[in-house]
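> Predicted model and sequence below, questions to follow.
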Amino acid sequence: MALGLAAFAAQEILAPFLAVAADDPYAPARRRMVVEQLLAPGRDITNARVLAVMGKLPRHEFVPERLRSLAYQDSPLPVGHDQTISQPYVVAFMTERLEPKPTDRVLEIGTGSGYQAAVLGGLVAQVFTVEIIDELAQRAAADLKRLGYTNVQVRAGDGYKGWAEAAPFDAIIVTCAPEHVPQTLIDQLKDGGRMIIPVGPAGDQELVLLRKHGDKLERRAVLPVRFVPMTGEAERKSEKRILTGDRIK
């Protein structure tokens, strides 16, 4: 019964663009993704804007061609350089918890395939996304441009440092895991802003939701996760802590 109601809700949410997607061979798989992975009991994604964007966004355009038949499955997929495109549910969960608003300027750390940036691009005013692997940054930038995402800017660089020239941001989303929340990212968040970030060593990570209130930071763990580690400066600082015996907070 619950799944039936979820399916009905999905049809209502997806109705405005079902006709547009009629000639898209991936449309049925995308619709099933929304119904069975996002609206299903235990998943319970309820933000109508997030559901609508993910229901029309061609996720298959962000995965290697040989994997396109798997693009809407309930799992992450490799995109090269030991990186992955996240499971659809995780993308939806993180996006919903970020509470994206049409006027927001959002920073993403870890562009990867560009899919998360595209989801955000359909929900907010501007997206600034940083990818440490140059080839992935170039590929994502090309794909986003090809698909018409004029409000997404891609930069190749170390995400630990954020994007100072474009700061402050209404929200920050991080899709790779440092062992602590970088102070640079906290500093680039607006007062009242939100950040969602996986934190912890491999095998012991939690997705953490942060809200900035002046010089105070509200912090809440919301989901156990498994993300690729943040490299670059984050990795160097982690190695230094291990060598010096400092405790990671």
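Right, received. Where do you want to start?
> Let me know the pLDDT of residue 52.
Per-residue pLDDT puts residue 52 at 96.
> Am I right that it sits in a strand?
No - secondary structure of residue 52 (DSSP: H, G, I helix; E, B strand; the rest coil): helix, not part of a strand.
> where's residue 192, which helix or strand?
Assessed by DSSP states H and E, residue 192 sits inside strand 189-199.
> who does that strand pair up with?
Sheet pairing of strand 189-199 (DSSP bridges) gives strand 169-174 (parallel), strand 205-213 (antiparallel).
> how deep is the residue nearest to residue 43 when sequence neighbours are not counted tucked in, by neighbour count?
Leaving aside its sequence neighbours, residue 43 sits nearest to residue 89 (Cβ to Cβ, 6 or more residues apart in numbering; 5.8 Å). C-betas here are computed from N, CA, C, even on glycine. If you count neighbours by other Cβ atoms under 10 Å, residue 89 ends up with 18.
> For stretch 211-225, which outside residues touch it?
90, 93, 97, 177, 186, 189-196, 198, 205-210 (Cβ atoms under 8 Å, 6 or more residues apart in numbering).
> mind running it again at 7 Å?
Counting by Cβ atoms under 7 Å, 6 or more residues apart in numbering, the neighbours of stretch 211-225 from elsewhere in the structure are 90, 93, 97, 186, 189, 191-194, 198, 205-210.
> got it, and stretch 180-200?
Here stretch 180-200 has contacts from 94, 97-99, 107, 160-162, 164, 167-174, 177-179, 205-212, 214, 217, 225, 227, 234, 248-249, using Cβ under 7 Å, 6+ apart.
> Could you give me the buried positions within that stretch?
181-182, 184-185, 188-189, 193-200 (16 or more other Cβ atoms under 10 Å).
> can you map out the helices along this protein?
2-18, 27-32, 48-56, 88-97, 115-121, 134-146, 183-187, 233-244 (DSSP state H).
> For the second one, buried residues please.
Applying a neighbour-count criterion of 16+ other Cβ under 10 Å, the buried positions in helix 27-32 are 27, 29, 30, 31.
> The second one reaches residue 72, doesn't it?
Yes - distance between residue 29 and residue 72: 4.0 Å, which falls inside the contact criterion (Cβ atoms under 7 Å).
> just checking, the residue nearest to residue 43 touches residue 40?
No - look at residue 89 against residue 40 with Cβ under 7 Å: they stay out of range, at 9.0 Å.
> Can you give me every residue that contacts the residue nearest to the spatial centre of the chain?
What sits nearest the mean C-alpha location of the chain, by Cα atoms, centre = their mean, is residue 116, with 4.1 Å. Listed by Cβ under 7 Å, 6+ apart, the contact set of residue 116 reads 86, 91, 108, 173, 175.
> Could you do residue 26 as well?
58, 60, 72.
> mind showing which ranges of this structure have poor pLDDT?
1-22, 238-249 (pLDDT under 70).
> what does the domain assignment say about this protein?
If you go by automatic domain parsing, the domain ranges for the chain are 1-56, 74-244.
> Make JSON lines out of those domains and add distance to residue 68.
What follows is the domains of the chain, written out as JSON lines (distance: least, Cβ to Cβ, whole Å):
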{"stretch": "domain 1-56", "distance to residue 68": "8"}
{"stretch": "domain 74-244", "distance to residue 68": "10"}
